[in-house]
Structure formats: structure tokens, C-alpha cells
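**Student:** no sequence for this one, just the structure:
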């Protein structure tokens, strides 16, 4: 149980960025371990710089450490140079808090936010000295758990994990701690691990893959069914009803070395009801739960004072939609008097109202502004239900350039359902028009267009869609490159379509993908999120070596009756709602934000007996979606809004 | 541009795990520390206003120090020149990470030359490992007897040749060191005074230039000195800049 620090210390001068491995953050805890205390190693399977700011991990870190029977420390994937050093010196994966060996923890729990980190997950398990396959683990081995957005389809990694937590982790970690404590106190006796896993599988929101049998019908999945009668057939996600009861992190970690998002973060709401059909986060985190505005303000002022940061990010899936946004922003910028505090809104809605807020808060640094119209034509935006009119975008752009911004970044997806070349080229046209608007204010005005290939995700209306092939995505990016080559002020950036393919393999795969992930890992394919380490060839080889057909897994449209690998899991959304929304998408029908309109019965509220919890009964000003603004004046194709017949009108109380 | 900012010079140390942070990391640590202490730091003008902090010679990542210095410009309208610097030092130390403390501070004349241009030498305690005392003694003697210690380094893509010898002001073998509680092998301790003008010699550079080259283990900067050209007297950056305090201060 000794600290590995004495062994690590002399090695650190020989690796890049040694401060990644020292801990020492402001807010770091050094918990006590002991026989009646369940120890968690919360691990982010990517570098310290990427993983440290992760709010989910920090929230659980505090909640577990507040428990008298819990102790939580943190770990991050060692960079390749450090991995080589610790493997050579036979030092295992370690926590950064007290430099304790990974194998000494009762639970190693990973946050999975991106599919391409799966090989790092396997690598970290291996570095901890734990068998990578759950079936090979002994009673004394740590339990391997995972949570985060990727776990809505955990089947590709089912072989490697002992348990999966679906949805919000705040309450689930407590339930798990209690069961594991009983088991630990009883001595983790030989042959009892299976029994513990079976008990864990009965906890709400906890999925234990080994408790389920998978049957296939030829290439197709026939079903994933419980092996025992007391194991639930469907696992529902966990949902925290009131964010106001969970003001975490209370002591956000302040790292001693630079990380991404090196600033205070305050989560203003969870969930999103805009209904963008490509967006998994928006679908799986419903309903909307806003943090009370005064709590947000308090978390901002106390957090800034405690951390010494001069920047705070108000995080959510669409922060301008927070009903208390204006008051919170005014409070934040006025609170510190003459000091230079800036407020970042990482997810901006596209309209002039948003720019007004941004102008209020970016007094200090007015450099760049980012919008995500996602698609280049109104038709395409109706398909994906991102109902931004060109007027909205141009209004926002005009407003931004006239208020002193000089650069703008626009995010788009390509490879969307029904996308034509006209839609794709609409991206370039939009960008050129934005530059034109900017040039009337500033001759140096520029617009960066960032294009990503679309990967269909589980629990979205697009889960049935066959992803565009790598060559088709390359062709579309080529179209945009040709078209913007002579467009002054437009800079085009794009995500590697090969990485998009690898993400597509893991996004909707089943358990037969486990050996593929293992193949990529065994052949050195870690850090697949990093372009310098990403290996397209390894993924294709791994698929071929395990008789997995890329076209079948990635490029094939699914049919309504197909059993999907995540059908035994539930994010609260009715499958027929998603299917209907998919049909509506193909019919180019938009769907209004349901917070201030009648319920479409997606299932997220009614199924869990909870409701959207908003700080204000009226929609925020501005914006065209869900605010009663007449959408029919939008583009050339009028939008038809089609409220769904309410199946259970009584439950929603609209 | 009018500038009547008040200048505060701080000495601090850096030991333990935190020594693995870089010079830039330390700058960010200080920016946050000063905001937490609500010190009225002056900001630069322009698009991205930055707090006016000026650090002395960079300390290599991994090296420890008893003598780091930092100059801070404060907004004169919001600065209480009569403030108790001792309690401020305690407060700042409380906000700094474990392993860093303020060890002294004073108001200095705002025209005081910057640390970068005024510091003339640093004293280093250098522990070298994987080597016996005789080899170290020979390497040191050879270096001191040599007329020059030529090193080649890359600067802006070009090969530059420097002679380190004039900047090695002293180099002494203190003696063997015992294996410490970290279980590392024993080594030999050196004490060096290395010049910093026109450029600062880095410890790693010196060790690499010795014959045979030596491997560092623990390196501590013990002092930074300013030598007066005329009197040859040396003083530390705080006493060198000690000025009659601005009206009524201290």
C-alpha cells in the first residue's frame, strides 16, 4: 500500500511534462484508506491535460470522498514516453493524489467520453496489473467500472468491464460503494465476486455485462438477455432530479500545469430539449434540469475567489438557453469590480441575442466567437432539426462583427442523412456570406469553417442511418476545399474521415467488436484520439482479423425491426419516438423545443416521473426555436411543426 | 505613457513535487495566487490585458530553489503602501501550492532595473549520481584548469558556439552524499557559482561540458546575486534594490 512516489520521482526528469504526474492540485484530497473504506481510482483514459478538467470525474471525486466509507483518487493515461518508462521499471498505473498503485484500489472507474479512447481503457487496465478481460479476474482484483456518454452502447467494451453506470453518477456511486463495502468487509472471499456482480446488476442504472447472454441470428443480433431471473431485462439510466441539490464540484481542482479549459466551470443545466437529431448528448441527458440562478451566481463568485481563475465557463449543452442567463452574466461580470473576469459560453445558440450576451461578458477579450449551424442549407437543418434560419446566423454574425469581433468559427457536419452536394456546398456559401458581412466592418474579418464527418450514435433518431464511407466523406471535403480555395477570408479545417470511420466502428458495434479493440491495443494503437498516434490500418486489420465487416457495422442502414446492441439499455426515450423522429427527419419536418410547447412524449420525463426543471416559466429572449417565433418565414421551404399526439396527457401537466 | 505603478519584489522558494512545474506554470500559479489575495495588480493595456508580473531567470523544470524572484506592479491608487508585508507574505504563502513559500518581500523603486538585467550570478547546489568522488574531483579540476569550456548549441536554427569557462565563477566538490530516504544511489555534491551575463549558464549545460560528463540528480538554486561592477560587492536582488520606501511605506 506504499506510495510509488519514491520510485517515480527519479524518473520524472526523463519524461515530457512531468507535472502531469505530480498531482498537487488545489482541491486535491489525500483520503484515508482502510478495511471498511471502499477505494475508487477515478481514471480518465486520456492525458492529464484532457482528463483533469472533466467535471463528471471531479463531481464523483468529491461525492465519494465526502462519504465516511469512501475514498477516491484520480489517474490519467500516462503519455507514451511515461508508459515506456513505467513498463520498463515495472511500475503500475498510479494515482496522482498519493501515488498509490492502481491494483490497490477496490474499484477502477473510467469516464468514457469518446469511443476512440477504448484502447486506452484497455491499456490502463493492463498497466494497473489487472487482467484485461473481466472473465479472467480474480476476487482480489479491482472491479473495473465505466460511466459517461459512451456507455449508452457499452457492448464493444463489455468484455473488459465489470460494471457500467448509465446516466448521472451522483447517486449511483453511493449505492455501489455500499455493496462493495459489504463485500470488502466480508473479506472478498474466493468465489464471491460473481455474487457481488449479480447484486450490482440489480442496482438501478448499473449494467453488469457478464450477467447477460448474447444471442445472434446469423450476422444479426437476436437479443441480449439476463442469465438469471433476478437480473433486470432492461437497465434504465440514472437521473438526478434536482441539480440544485448537487452543487458540485464545490472545490474544483486547480491544476499546477496547463490543461484544456483551464478555468472555473459551473454547470448551469443538464439535458437539452432542442432535439437536434444528430446529437446524442441532447437525447440521453433529458429532461432539462436547470440549476437555480442564485446558486449559479454563488458558485461563480465563490469559485473565482477560491481558485484565483479570471475566467469562468457556464457549461451546458446550450448555455444561452439557460433561463437565468442574463442575470447570472450581469452578476458575474460586475462582481469582481475592476478585475478582468471573462465568461465563456462553450455552447452558443446562433442568434443576435447570444451575441449581445457575449458582448456583455467578453469585454476583456474579444477575439473569437464560435457558432455551430451544423449544416449548410435550411433543408438540411430541418432534417437534423437544427432550426437556425439564415437570418439568425447572419444577424448573429453582423452583430458580432459590428461589436468588434474579428474572427469567427463555424462548426458543421457532413455526411448527414439525405445530404446532397448542394447541401454540402451550402457550407461554403454560408461562410462566404459571413465573411462578406464581416468585411463591411473590418477588412481583416475571417471565418474558420470546421467540418466533421457525421457518426450516427445510439439513442438518437439517426441510430438507424448508414454512415457515409470514408471515401464519400473525403469527396465531400474535397468539394468544399475546391469551392473555398479562392474564397478570401474563409479557412477550411476538417476532421480526418479515417478517424470518423474508426469512431463509427465502435459507436454502434456489438460484443464481437471486443477482439477488434483488443487487436488495435495489442498492436500499439493507444491514444487514437491523437492524429499522430491514430492508426487507420490497425482498425481495418483488426476488423478483418476478427471477421467483422466494416460495411455491415458502419455503412449499413438499419431497419425498424432490427435488434440494436443497446436495446436492453434505456435512456428513457421510447424507441417508437426515435423511429418517428427519424421518419420526420427524412420528411424534412422540424420539431420545436418541448420546454414551452406540448409534450411529444419522447419518454424521458414521463418514464421517470420527473419534469423539466427550469428557472423561469417563460422562454429566454431571442432565438427562433421553441420561442414562439414564426418559423414559416425562415427559408425557402416552410417548416411544418407537428406536435405529436399525447399518449399520456395527464402525466405531463402541460 | 504615464506609469507610476508601485513595484513589489518578492523572493520565494520551490521544493518538492511542485518543482516539476515549468517556468510558465509558475507564472500562472502566481497570477492565480495574486488574484486570490485580491492584490491590486496593474494590467497591461490592449486586447488581452495581462497582469504586470516580471520573473527573474527561469528555473529549469525539475530544479528546486531557495531564491526565486518576482516583480509585481501594483495599481498605485488601490495600493496601501503601509500594508503589513509580513502578513501579506504569510497570506500569499497560504495561497501558493505546497512546496512554494514567500520568504521575503519589499517595495522597490519602480525604476529598479529588471531582475533579468541586474542579476549577475547564481549559486547552485548540484548533486550528481552514478559516479565516484574521485571522478568528480578530476572532472572539476580539469574544467577549472581549462582555458575554455566550449559548448555548441542551437539558437534560432543556427549552431552557436559559446565558451562557458568565463561564466564558471566557482566550482567546488563538497563531498559524497548518502543515499537518501528515496533509496537512490549515493552521489557527490557540488557547489557552483555560475554567471548569468550576457546569458545564464544552465546547470545541465555545465555538467554536459565536463570531462567526463556528469548526471544530475537534485539541483537547488541557493542564491541569486547582483555584483556591483565598481565595488565588486555582491548583494541579493532585494537588498540591492532596497530603496527608501515610497512615502510613508513600511
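**Tutor:** Ah, there it is. Since the structure is predicted, the reported quantities are computational estimates derived from the model, not experimental observations.

**Student:** For residue 121, list the residues it contacts.
**Tutor:** With no chain named, the answer covers chain A. Residues in contact with residue A:121 (Cβ atoms under 8 Å, 6 or more residues apart in numbering or on different chains) are A:45, A:110, A:112, A:146, A:157, A:160. Placement of C-beta: from N, CA and C, glycine included.

**Student:** sorry, should have said chain B
**Tutor:** By Cβ under 8 Å, 6+ apart, the contact list for residue B:121 reads B:169, B:193-196, B:224-225, B:227, B:234.

**Student:** Could you pull up the contacting residues of residue A:474?
**Tutor:** Listed by Cβ under 8 Å, 6+ apart, the contact partners of residue A:474 are residue A:497.

**Student:** which stretch of helix or strand covers it?
**Tutor:** helix A:470-484 (DSSP states H and E).

**Student:** where does the residue in the stretch 501-650 of chain A positioned nearest to chain B land in three-state SS?
**Tutor:** At 21.1 Å from chain B, residue A:530 is the closest residue in the stretch 501-650 of chain A, using Cβ to the nearest Cβ. With DSSP: H, G, I helix; E, B strand; the rest coil as the basis, residue A:530 sits in coil.

**Student:** quick one: low-confidence parts of chain A?
**Tutor:** Along chain A, the parts satisfying pLDDT under 70 run over A:1, A:335-340, A:347, A:351-353, A:361-368, A:596-597, A:614-654.

**Student:** number of nearby residues for the residue in it that chain B sits nearest to?
**Tutor:** Per Cβ to the nearest Cβ, residue A:308 is where chain A lies closest to chain B, at 3.0 Å. Using other Cβ atoms under 10 Å in any protein chain shown, residue A:308 has 21 other residues around it.

**Student:** Nearest residue to it in space, please, no chain neighbours.
**Tutor:** residue B:32 (3.0 Å; Cβ to Cβ, 6 or more residues apart in numbering or on different chains).

**Student:** Please state the offset of the helix holding residue A:474 from the chain centre?
**Tutor:** Put simply, helix A:470-484 sits 27 Å off its chain's centre (Cα atoms, centre = their mean, to the nearest Å).

**Student:** what do you get for stretch A:25-32?
**Tutor:** Between the mean C-alpha location of stretch A:25-32 and the chain-wide mean there is a distance of 26 Å, by Cα atoms, centre = their mean.

**Student:** Give me the buried positions along stretch A:534-551.
**Tutor:** A:534-535, A:538-543, A:548, A:550 (16 or more other Cβ atoms under 10 Å in any protein chain shown).

**Student:** With respect to residue B:156, which of the residues you listed is nearest?
**Tutor:** When the buried residues of stretch A:534-551 are ranked by distance to residue B:156 (Cβ to Cβ), residue A:534 comes first, at 32.5 Å.

**Student:** Get me the contact residues on chain B for chain A.
**Tutor:** Within chain B, the positions near chain A by Cβ under 8 Å from any Cβ of the partner chain are B:17-18, B:20-22, B:24-25, B:28-29, B:31-36, B:43, B:47-49, B:61-62, B:78, B:95, B:97-99, B:181-184, B:217.

**Student:** Tell me which of those fall in strands.
**Tutor:** Here DSSP state E is the test, and those give residue B:217 as lying in strands.

**Student:** Filter the residues of chain B next to chain A down to the buried ones.
**Tutor:** B:17-18, B:20-22, B:25, B:28-29, B:31-36, B:43, B:61-62, B:95, B:97, B:99, B:184, B:217.

**Student:** can you tell me which of the residues you listed are in helices?
**Tutor:** Counting by DSSP state H, those place B:25, B:28-29, B:31-36, B:95 in helices.

**Student:** Grab the nearest non-local neighbour of the residue sitting nearest the centre point of chain B.
**Tutor:** Residue closest to the mean C-alpha point of chain B, counted by Cα atoms, centre = their mean, is residue B:68 at 4.1 Å. Here the nearest residue to residue B:68 in space, its sequence neighbours aside, is residue B:12; by Cβ to Cβ, 6+ apart that works out to 5.1 Å.

**Student:** check which helix or strand covers the one you found.
**Tutor:** Residue B:12 is part of strand B:6-14 when elements are defined by DSSP H and E.

**Student:** Could I get the contacting residues of residue B:51?
**Tutor:** Counting by Cβ under 8 Å, 6+ apart, residue B:51 touches B:31, B:34, B:41-44, B:72.

**Student:** ok, the residue nearest to it when sequence neighbours are not counted - contacts?
**Tutor:** Spatial nearest neighbour of residue B:51, chain neighbours left out: residue B:41 (4.5 Å); criterion: Cβ to Cβ, 6+ apart. Going by Cβ under 8 Å, 6+ apart, residue B:41 touches B:34-35, B:51-53, B:72-75.

**Student:** rewinding a little: including secondary structure, could the contacts of residue A:121 go into CSV?
**Tutor:** CSV is the format used below for the contacts of residue A:121 (three-state DSSP):
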residue, secondary structure
A:45, coil
A:110, strand
A:112, coil
A:146, strand
A:157, helix
A:160, helix
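
**Student:** Tell me the one among those residues nearest to residue A:57.
**Tutor:** Proximity of those to residue A:57 (Cβ to Cβ) peaks at residue A:110, which lies at 9.3 Å.

**Student:** So what's the residue count around that closest one?
**Tutor:** Residue A:110 has 29 neighbours, counted by other Cβ under 10 Å.

**Student:** now swap in residue A:519 and tell me
**Tutor:** Residue A:519 has 19 nearby residues by other Cβ under 10 Å.

**Student:** Can you give me the separation between it and residue B:6?
**Tutor:** 64 Å (Cβ to Cβ, to the nearest Å).

**Student:** any low-confidence regions in chain B?
**Tutor:** Using pLDDT under 70, chain B drops low at B:1-2, B:47, B:179-185, B:243-250.

**Student:** Was I right to think residue A:89 contacts residue A:11?
**Tutor:** Yes. Because the distance of 6.6 Å satisfies Cβ atoms under 8 Å, residue A:89 is recorded as touching residue A:11.

**Student:** ok so, going back, just the ones of the contacts of residue B:41 in strands?
**Tutor:** Using DSSP E, those in strands are B:53, B:72-74.

**Student:** From the buried residues of stretch A:534-551, which land in helices?
**Tutor:** Assigned to helices by DSSP H, the following of the buried residues of stretch A:534-551 qualify: A:538-543, A:550.
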